[in-house]
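K.L.:
Take this sequence and fold it.
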Amino acid sequence: MGKFDKYKIDLKGMQEDSCKFEFVLDNLFFANIDSPEIQKGKVNVILVVKKTSRAFELNFQTDGIVWVPCDRCLEDIEQLISSTDKLLVKFGHEYAEEGDNLIIIPEEEGEINVAWFMYEFIALALPMKHVHAPGKCNKTMSSKLNKHLRTTPDDETENDFVSEDEAELMNEEIETPVDPRWDELKKILDNN
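P.N.:
I've put the predicted structure just below:
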């Protein structure tokens with residue numbers, strides 16, 4: 001039995017018009033998926049499969065918590081996940097993904113493994129930025145980041161982390177003197 005065999009849905013052998021499946025995705029699931037973004041979590045997925053005349057409609061309701069690295073300090077941060085997603089599955093000659101949510105599977109196989117789709121739905125439900133609340137980042141890492149953001153040697157900041165906007169403002173305030181040779185070169189360009 002493979003790592004993801006329990007996530008296979010036998011569509012060809014489906015007797016009823018609608019079936020419900022429940023999955024608990026734990027740390028082992030995320031370790032087996034082997035993706036760097038999410039390494040641990042506890043997520044409940046309810047999958048309802050409806051058979052229609054032309055296709056199978058797979059409706060996923062995903063709720064839980066995952067831990068992802070903080071973009072600032074690289075320590076794990078807890079992210080709540082809640083999403084509703086849909087896949088349409090049709091039988092065909094060979095496997096294909098058409099459009100955003102249409103999957104063609106070989107009719108002779110008649111089954112689909114939903115493990116990777118569940119992972120993708122979780123990853124898409126994550127916010128773009130993963131950062132701790134102000135003051136919650138790793139203090140050691142924050143102090144190292146602040147050292148590299150200083151604009152002058154005597155610039156001491158007490159903040160946990162300087163935001164991008166503040167760093168941009170600090171960089172704009174510093175005016176470096178222009179080398180006078182550039183002014184002379186500009187005069188040459190202006191004469192032409």
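
K.L.:
List the contacts of the residue nearest the centre of the chain.
P.N.:
Note on the chain: the residue nearest the mean C-alpha position is Ala123, at 3.9 Å, using C-alpha atoms, centre = their mean. Contact partners of Ala123, counting by C-beta atoms under 8 Å, 6 or more residues apart in numbering, are 35, 37-38. C-beta coordinates here come from the backbone N, C-alpha and C atoms, glycine included.

K.L.:
SS state for it?
P.N.:
Three-state call for Ala123 (DSSP: H, G, I helix; E, B strand; the rest coil): helix.

K.L.:
roughly how far apart are it and Glu75?
P.N.:
As defined by C-beta to C-beta, to the nearest Å, Ala123 lies at a distance of 20 Å from Glu75.

K.L.:
thinking Glu107 is in contact with Gly92, fair?
P.N.:
Yes: the criterion here is C-beta atoms under 8 Å, and Glu107 meets it with Gly92 at 6.8 Å.

K.L.:
Can you tell me who Asn59 pairs with across the strands?
P.N.:
Val48, Lys86 (DSSP bridges).

K.L.:
wait, it sits on Lys50?
P.N.:
Yes: look at Asn59 against Lys50 with C-beta under 8 Å: they come within range, at 7.4 Å.

K.L.:
what mean pLDDT does stretch 70-86 have?
P.N.:
Here stretch 70-86 scores 86 as its mean pLDDT.

K.L.:
Go through it and flag the buried ones.
P.N.:
Within stretch 70-86, the residues that qualify as buried by neighbour count (16 or more other C-beta atoms under 10 Å) are 70, 72-73, 77, 79, 81, 85.

K.L.:
Phe21 and Leu47 touch, don't they?
P.N.:
Yes: counting by C-beta under 8 Å, Phe21 touches Leu47, with 4.4 Å between them.

K.L.:
Now the common contact residues for the two.
P.N.:
Ile9.

K.L.:
Looking at the two, which one has more neighbours?
P.N.:
A direct count of neighbours by other C-beta atoms under 10 Å for Phe21 and Leu47 places Leu47 higher, at 21 against 15.

K.L.:
gap between that one and Leu87?
P.N.:
Taking C-beta to C-beta, one finds Leu47 at 9 Å from Leu87.

K.L.:
any shared contact partners between these two?
P.N.:
Common contact partners of Leu47 and Leu87 (C-beta under 8 Å, 6+ apart): 58, 60, 114.

K.L.:
I'd say the last one and Asn59 touch.
P.N.:
No: between Val114 and Asn59 no contact is recorded; they are 11.5 Å apart, counting by C-beta under 8 Å.

K.L.:
May I have the residues that are in contact with Phe91?
P.N.:
Neighbour list for Phe91: 11-12, 104-107, 110 [criterion: C-beta under 8 Å, 6+ apart].

K.L.:
Following the chain onward from the helix or strand of the chain with the lowest mean pLDDT, which element is next?
P.N.:
Using mean pLDDT, DSSP states H and E, helix 164-173 stands out as the lowest-scoring helix or strand of the chain, at a mean of 52. Heading C-terminal from helix 164-173, the first helix or strand you meet, by DSSP states H and E, is helix 180-191.

K.L.:
Noted, bye for now.
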